[in-house]
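Trainee: Using only what follows, build the 3D model:
(2 chains)
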Amino acid sequence: MIPFEMVEPTSLAEAVAMLDPQDPTVRAVAGGTALMLMMKAGVFQPTRLICLHKIETEHARIAVTGGDELRIGAMATLSDVEKDANVASRLPVLTRALRTLSNPRVRNVARVGGALAHGDPHMDLPPVLAALGARVAIAGPAGSRELPLERLYAGYYETVLEKNELITAVTVPALDGRRAAYMKVTSRSADDWPALGVAVSFALVDGAIRDPIIVVSAATEKVTRMTAAEDVLQGAMPDDTALARAGEAAAAAASILADAHGSASYKRELLRVYLRRAVRQALVDGAAQVRQ
Amino acid sequence: MKQVGRDIPRLEVRAKVTGRADYTHHLRLPGMLYGKVFRSTVPHGRILSIDTTAAQALAGVHRVITGEDIRKLIPEPYYGPAFHDQPILALDKVRHVGEPVAVVLASDPHIAEQAVQLIAAEYEELPAVYDELEAMQPDILVHDVLKPAGTFADLKHLKGRGGTNIALDYHLRRGDADKAFAGADHVIEHTFKTQQCLHLPFEPFVSVAEPGDKSLTIYTANQSPSFVRIEIARLFGWPENRVRVKVAYLGGGFGAKLYIKLEALVAALAMIVRRPVKIALTMEEQFYMITKHATTFRIKSGVSKDGRVVARACEVFWNGGAYADIGPRVAQKSGFTAAGPYDIEHVSIDSYEIYTNRTPAGALRGFGVPQLVWAYECHTDLIARELGIDPVAFRRKNLLRNGRPQATGTVLQDAAIAQVLDAVVARMGWNAPFDRGSGTMRRGRGIAIGFKAVISPTTSVAMVNISADGSTTIYCSTVDVGQGSGTAFALIAAEVLDIEAEAIRVVNPDTDITPYDMGTLGSRSLFHMGNAVRLAAEDARGKLRALAAEAGLPEGTNYPPAEIFKKRYGMQAGNVIGTASYVPTYNAPDAKTGQSDNVTPFWMVGGSGVEVEVDTETGKVRVLRLINAADCGKPINPGVARTQLSGAAIMQLGFTLSEAMQLDGGQVTNASLADYKIPGIGDIPPMENELVDAEQHSGPFGAKGLGESGTFGVSPAIANAIHDAVGVRIMELPITAEAVLRALRANAGRPLDDE
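Mentor: Numbers count the residues shown, from 1 in each chain, chains lettered A, B, ... in the order given. As a prediction, this is how the structure comes out:
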């Protein structure tokens, strides 16, 4: 690793001001779990890292807002979210997903903002939060803006963030009786990056699916909503036929990449199977939730 | 016995878990330079130019060295245990991606790393060959001529052979296989393949060389310090005593750190710049150092109506990569047992070590045997299926038993093949009802057994020192890579000397101090060095008795050693040093027929039984239960012995289900732990590990080696279990979920697209 400069701003405005929109070798670092790997591999050679640790406290809060939404500060560690009581009671799917995300050492260090801004399609938080209808708050030199999370991603390791913008928080609406599940499929070792991630959420009205959100990750170049499959499931009873049709619709629509985790046709097959399993899982988990 | 057979923690374990143990990675010497390797980006090419100007000009760079600089120091700078074919840095040609071409030396490793990126090499690219079967044809030659090292007598005949990529061809003929096939009721033939994978010790390769006055000291993470000394001395034309090789604890080896790796490079660099030089590879660089052979194995059996295997023909093709390393010996020595642990009258075996333009392949926990067991135990299962015989009954009917000649003609002794099979079968409850699952989750069971002849002839020398206070030290060059060898030797010496094993100190290898050993390889240490330590301890005991007699003590005295020394020398003074060397007898196999009445001093036996669950919608295989059994004779330290069994099985589990080096145009595309997946804790199945009741009569207190036996049965047992569960047969490792789903879908007439 080649030496570089490290600066430690003490406020968000200072941090944003230190970012250089023209220079890709200047980057912000929060937990550093992804960036350090890129640096060790020589893929990223910084000249300056803007370390966000000194602005942590005010941006690490997890709280329920007046609008009954959950606001997670970008500097919260993944462990903070995993262990948060509000998250566990309001969004159990998120707590469950975090328990399978990497390992405790990484979760103790990695930050929510970094996990969303990194843009690696294999990560777990983006599909789960996208299926929950989350929005990200972004700060830049001109002020702040908010985006639906699914619109954050532009391509493989690409986001719509400007080089001098930082994610400050993610806001997740209340589930409000919606069912949700996330399934992560590894094709090699258990701790591998997923070959496919499928996250779903939907309301259930008289046993029929209403307003489904279906999000695919890992197999595609970016986190992607499967609107064709959502259309199939809108108003449908979650039976074998409907789920098979939804799986077919997703498999036909998704732009799936081949890589070391499997061929495109294999991953397409996984998508057919796991879309069905994810919906079933959401029904089971939701039912358990109601019984409690 | 008071000491042998005790279940004790490894003597060094406390130092390791408290961070006090010495590793070569920690070593920093005054004035030391760090070397960073510049590597070839082409799989096969003639070197046109290497421009080091910009790297040399970078502030902080001490010097940039290329192969031509080394040629000025050493006129023939080629090394290797079997062949002298590997240049210290590439000369004239490069033969695989990742081959070392130049080295930057700097006091700051970061500067060396930065400077490497400023080196530019130009190559005239040559056609390359990656597949072992394609390389059997001499269309693309990796080397112009074969250069056997002369170390091993049975490779000398290859000298000067050219126009071929076949580095070694090994042949065995017993009976008349062709004739027997013609008369057999069934002739069944299959081809199996294994993938290129690698050792990946968590301590990557690291070596330091320190030049002295007409001498060199090498500190290195290596499994064979005596060989390093001999090879470095040969390269410099020096006597052995001017080279000192010191080895600390190793963070794993598995055969990667065998013979000579970075040592020749750091030695040459240190001699050129006259300063200590350290090279420590990254995890990623390990993918360009040494690997496990990919193989193709064609196996054919003639079987009688009543289920007797009457003839077997084996053709094994070993993908050796660009340099021979120990590959020719892997092809030959594993060839002895390629037909499996069965009593077969007519056998023919042909085994070929083949050069290709890949990272070199060497020995990896099994010395080739796991690749063979994969094929012959899948084949055995398929024959049993075809004949409609229970796979256990079929094996029992054909099993090779003690007192019967093995394919080489050597009569089997002290090989508990039947007991290992029985142990696996008993634990599996083979004849009890079995839940086969339902719906999309199906269950199956499989077993497999294998055996191995320990490499021979090899020599071990040991010294046991008793100091004047009676405290005892063992000096030997066996490297404790984590297998607990030092603790085992302490138990053996303690048994002879009637003292506590924990009170004995075992000195880490240092060729100025510890005597010769062939190397820590192929499960040979416990038997060979164990015997040497036992004999050296007996020698020390005899000398102590003589000392007692000299001191005027009566014969059979039970005076403690400290009293004897004091009586003899008048104070706490003196010591006795017991020495011994051990080399077993051996008769080289006939070059044409491979026959010999004594090819090995002992046989290792290992077997596995597995239960799997297969998800028929995704092909995902979950191992629900893994049973491993082995014959290690009488275990010296049973707890550690069982962890050798489980460790080997877990390693092989990775080679079975997930590990594979992926190659695209000669480039390794997954050279990192993120993309090359070894098993994690979540992949470890419930395991049972059993050491069967056995004895190796020629071993130290009845013991023999065990480091590899746990690898033998795992892969074929899993493939056999998958077949049992869902009716498909996977012929190639690794058995990925995708491979299983593809087989299932092809079987159902709905094949998956190739894209």
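Trainee: got the residues of chain A near chain B?
Mentor: Residues of chain A that fall close to chain B, judged by Cβ under 8 Å from any Cβ of the partner chain: A:1-3, A:37, A:40-41, A:185, A:187-193, A:258, A:260, A:262-266, A:269-270, A:273. To be clear about C-beta, it is placed using only N, CA and C from the backbone, and glycine gets the same treatment.
Trainee: Can you flag the buried ones in those residues?
Mentor: Buried residues within these, defined by neighbour count using 16 or more other Cβ atoms under 10 Å in any protein chain shown: A:185, A:187-189, A:191-193, A:260, A:262-266, A:269-270, A:273.
Trainee: just to revisit the earlier point, select from the residues of chain A next to chain B every entry located in helices.
Mentor: Mapping these onto helices (DSSP state H) picks out A:Leu37, A:Lys40, A:Ala264, A:Ser265, A:Tyr266, A:Glu269, A:Leu270, A:Val273.
Trainee: A:Glu58: what's it in contact with?
Mentor: For A:Glu58, the contacting residues are A:Gly73, by Cβ atoms under 8 Å, 6 or more residues apart in numbering or on different chains.
Trainee: Tell me which residue in chain A sits closest to chain B.
Mentor: At 3.1 Å from chain B, A:Ala190 is the closest residue in chain A, using Cβ to the nearest Cβ.
Trainee: Setting aside sequence neighbours, what's the nearest residue to that residue?
Mentor: Closest residue in space to A:Ala190, ignoring its immediate chain neighbours: B:Gly682 at 3.1 Å, by Cβ to Cβ, 6 or more residues apart in numbering or on different chains.
Trainee: Give me the pLDDT for the one you found.
Mentor: With respect to pLDDT, B:Gly682 scores 93.
Trainee: Surely it touches A:Asp192?
Mentor: No: look at B:Gly682 against A:Asp192 with Cβ atoms under 8 Å: they stay out of range, at 9.7 Å.
Trainee: What pLDDT is listed against the residue of chain A closest to chain B?
Mentor: 92.
Trainee: May I see the ones in helices among the residues of chain A next to chain B organised as JSON lines, with distance to B:Val145 added?
Mentor: As requested, those are arranged in JSON lines below (distance: Cβ to Cβ, whole Å):
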{"residue": "A:Leu37", "distance to B:Val145": "44"}
{"residue": "A:Lys40", "distance to B:Val145": "41"}
{"residue": "A:Ala264", "distance to B:Val145": "45"}
{"residue": "A:Ser265", "distance to B:Val145": "46"}
{"residue": "A:Tyr266", "distance to B:Val145": "45"}
{"residue": "A:Glu269", "distance to B:Val145": "50"}
{"residue": "A:Leu270", "distance to B:Val145": "51"}
{"residue": "A:Val273", "distance to B:Val145": "55"}
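Trainee: Tell me which stretches of the stretch 51-200 of chain B form strands.
Mentor: B:61-66, B:78-79, B:86-87, B:93-94, B:100-106, B:120-125, B:166-174, B:186-194 (DSSP state E, counting those that start in this stretch).
Trainee: same question, the stretch 201-350 of chain B
Mentor: Using DSSP E, counting those that start in this stretch, strands in the stretch 201-350 of chain B cover B:206-211, B:216-220, B:243-246, B:277-280, B:291-292, B:294-303, B:309-321, B:346-355.
Trainee: Which pLDDT value goes with the spatially closest residue to B:Pro686 that is not a sequence neighbour?
Mentor: Leaving out its chain neighbours, the residue that sits closest to B:Pro686 by Cβ to Cβ, 6+ apart is B:Arg625, at 5.6 Å. As predicted, B:Arg625 sits at a pLDDT of 98.
Trainee: before we move on, what about the one 5 residues further on?
Mentor: Listed pLDDT for B:Ala630 reads 98.
Trainee: do B:Ala184 as well
Mentor: So, for B:Ala184, pLDDT stands at 97.
Trainee: Could I get the strands of the stretch 201-350 of chain B in a markdown table, plus columns for mean pLDDT, mean neighbour count and distance to B:Ile455?
Mentor: Output for the strands of the stretch 201-350 of chain B, formatted as a markdown table (pLDDT from 0 to 100; neighbours: other Cβ atoms under 10 Å in any protein chain shown; distance: least, Cβ to Cβ, whole Å):
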| stretch | mean pLDDT | mean neighbour count | distance to B:Ile455 |
| --- | --- | --- | --- |
| strand B:206-211 | 98 | 25 | 24 |
| strand B:216-220 | 98 | 24 | 22 |
| strand B:243-246 | 98 | 24 | 21 |
| strand B:277-280 | 98 | 25 | 29 |
| strand B:291-292 | 98 | 28 | 17 |
| strand B:294-303 | 98 | 24 | 19 |
| strand B:309-321 | 98 | 26 | 16 |
| strand B:346-355 | 98 | 26 | 15 |
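Trainee: Indicate which one of those strands is closest to chain A.
Mentor: Using Cβ to the nearest Cβ, the nearest of those to chain A is strand B:277-280, at 13.5 Å.
Trainee: For the closest one, name the packing helices and strands.
Mentor: strand B:33-39, strand B:206-211, helix B:263-273 (3 or more Cβ pairs under 8 Å, 6 or more residues apart in numbering or on different chains; DSSP states H and E).
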